[in-house]
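Trainee: Show me the folded form of this:
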Amino acid sequence: MSSALTDLFPLPIVQAPMAGGVSVPQLAAAVAEAGGLGFLAAGYKTADGMYQEIKQLRSLTSRPFGVNLFMPQPEHPGAGAASTGAAGTAPANSAAVDVYAHQLAGEAAWYEVELGDPDSGRDDGYEAKLAVLLDNPVPVVSFHFGCPSREVLDSLRRAGTLTLVTATTPDEARAVERAGADVVIVQGVEAGGHQGTHRDIPENDGSAIGLLSLIAQVREAVGLPLVAAGGIMRGSQIAAALAAGASAAQLGTAFLVTPESGAPAVHKEALTNPLFVRTGLTRAFTGRPARGLVNRFMREHGPYAPAAYPEINHLTSPLRKAAAKAGDAQGMALWAGQGHRMARELPAGQLVELLAAELGAAGTALSGGGAG
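Mentor: Here you go, the predicted model:
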């Protein structure tokens, strides 16, 4: 099965699907043309918006690519991800969301916007997007925030689509294998953006696992091929992930600063700005743990944000958009992995080539060819 994945693209380099307008068709095409696997992020888009991006990407490259879906969220945090839409269910922690909305009133006044409606839906158009992907199959589909049902995974397989599901623990990886997915994306705690946990645990209990340790544990827990994700910025790190048992490595932050990325300029600049010295996991922007550069908004509101996704995401959306429009990095969700200071402002195709060269050099060193 590893060959079923890696035969799709020459280099073991996957561009992570970054939702919110970052993973645009131009980025995915550039990565694919250079020999990696480009990805579109369907999260936060309508089914038609996803379809239009797929059409655009196909006009830019004939190479294989992937599309990422967010799983619908259960009614109560910690209850496990649902496999079908949950639109219309009662909001999670509605009282806590109301309290947090009151706390954000000053932010809304500052940016001169209204807070978003926290009850704007919980399923992210999941069923409609699945219907599009079954009618118009793509080479690869991946899932975040939970594991789909066996029925969904089998239907995609019959359509000729390879399925990948994110896991952050060995137990989640076992669930992915039981459901019948083809590949596990092993996401370490170093990763930027949202942690793809299957359950949203209200408190940080210190159980998050670093990537290399997680690869080793998942390798012994399941027989599926692995894609390693989390803080990878150099070809030597890709080599380490492959040596640990992964079939490929998924990089997000490394591609965020490329000219093809759809990230706002202020976000790209912040990654290497000495003003932002560290990353942290926060619920401040979306109600689910996500890693980003520590800024004013995260410091002021992170300690009080409830475990309520996607309610908090809907609530803060106008604030984040207003901050981005104003070029205010202190009010934006600056998603970034722990290796963000190693970001290189290169065209995506050149970055893939450089990563491949570094990977080759590291492989030579590992085999003894680089010994002094």
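Trainee: drop to CA atoms for contacts and neighbour counts, all remaining ones
Mentor: Fine.
Trainee: what's Phe70 sitting at in phi/psi?
Mentor: When quoted as degrees, to the nearest 10, the phi and psi of Phe70 stand at phi -90, psi 140.
Trainee: Which strands or helices does the longest helix seen in the chain pack on?
Mentor: Assignment by DSSP state H gives helix 348-366 as the longest helix of the chain. Applying 3 or more C-alpha pairs under 8 Å, 6 or more residues apart in numbering; DSSP states H and E, we find helix 348-366 packed against helix 25-33, helix 235-244.
Trainee: can you list those in JSON lines and add distance to Cys147?
Mentor: Compiled in JSON lines, the helices and strands packed on helix 348-366 are given as follows (distance: least, C-alpha to C-alpha, whole Å):
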{"stretch": "helix 25-33", "distance to Cys147": "24"}
{"stretch": "helix 235-244", "distance to Cys147": "23"}
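Trainee: who wins for proximity to Ala167 among the ones you listed?
Mentor: Proximity to Ala167 (C-alpha to C-alpha) singles out helix 235-244 among the helices and strands packed on helix 348-366, at 15.6 Å.
Trainee: Show the subsequent helix or strand relative to that closest one.
Mentor: Sequence-wise, the next helix or strand downstream of helix 235-244 (DSSP states H and E) is strand 248-251.
Trainee: neighbouring strands for that next one, and are they parallel or not?
Mentor: When pairs are called by DSSP bridges, strand 248-251 turns out to pair with strand 13-15 (parallel), strand 226-229 (parallel).
Trainee: can you list contacts of the helix or strand following that strand?
Mentor: Using DSSP H and E, the helix or strand that follows strand 248-251 in sequence is helix 253-256. For helix 253-256, contacts defined as C-alpha atoms under 8 Å, 6 or more residues apart in numbering pick out 15, 22, 192, 231-233, 261-263, 268, 336-337, 339-340, 342-344, 348, 351.
Trainee: Tell me the buried residues in the following helix or strand past helix 253-256?
Mentor: Later in the chain than helix 253-256, the nearest helix or strand by DSSP H and E is helix 265-270. Using 16 or more other C-alpha atoms under 10 Å as the test for burial, helix 265-270 gives 266-268, 270.
Trainee: Please pull out the lowest mean pLDDT helix or strand from this structure.
Mentor: helix 2-6 (a mean of 80; mean pLDDT, DSSP states H and E).
Trainee: Which strands or helices does it pack on?
Mentor: The helices and strands touching helix 2-6, judged by 3+ C-alpha pairs under 8 Å, 6+ apart, number zero.
Trainee: run the last query once more with 10 Å
Mentor: If you count contacts as 3 or more C-alpha pairs under 10 Å, 6 or more residues apart in numbering; DSSP states H and E, helix 2-6 packs onto strand 162-167, strand 183-187, strand 226-229, strand 248-251.
Trainee: Serialize those strands to CSV and add fields for distance to Asn93.
Mentor: Output for these, formatted as CSV (distance: least, C-alpha to C-alpha, whole Å):
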stretch, distance to Asn93
strand 162-167, 25
strand 183-187, 27
strand 226-229, 31
strand 248-251, 33
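Trainee: Tell me which of those sits nearest to Ala322.
Mentor: strand 248-251 (27.8 Å).
Trainee: And the contacts of that closest one?
Mentor: By C-alpha atoms under 10 Å, 6 or more residues apart in numbering, the list of residues contacting strand 248-251 from outside reads 2, 5-6, 11-17, 36-38, 185-187, 191-192, 225-235, 237-242, 337.
Trainee: With only the CA atoms kept, save that strand in CSV.
Mentor: The C-alpha trace of strand 248-251 is given here as CSV (Å, rounded to 0.1, in the frame of the first residue of the first chain):
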residue,chain,number,x,y,z
ALA,A,248,6.5,10.5,3.1
ALA,A,249,6.5,13.8,5.0
GLN,A,250,3.8,16.5,5.0
LEU,A,251,5.0,20.1,5.3
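Trainee: in the chain, what spans have low per-residue confidence?
Mentor: 1-2, 76-92, 202-206, 369-372 (pLDDT under 70).
Trainee: Please enumerate the strands of it.
Mentor: Applying DSSP state E to the chain gives strands spanning 13-15, 38-41, 65-70, 140-144, 162-167, 183-187, 193-194, 226-229, 248-251, 279-282, 290-293.
Trainee: any chance of these in a markdown table, with distance to Gly125 too?
Mentor: Output for the strands of the chain, formatted as a markdown table (distance: least, C-alpha to C-alpha, whole Å):
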| stretch | distance to Gly125 |
| --- | --- |
| strand 13-15 | 23 |
| strand 38-41 | 13 |
| strand 65-70 | 9 |
| strand 140-144 | 13 |
| strand 162-167 | 18 |
| strand 183-187 | 22 |
| strand 193-194 | 19 |
| strand 226-229 | 26 |
| strand 248-251 | 25 |
| strand 279-282 | 25 |
| strand 290-293 | 21 |
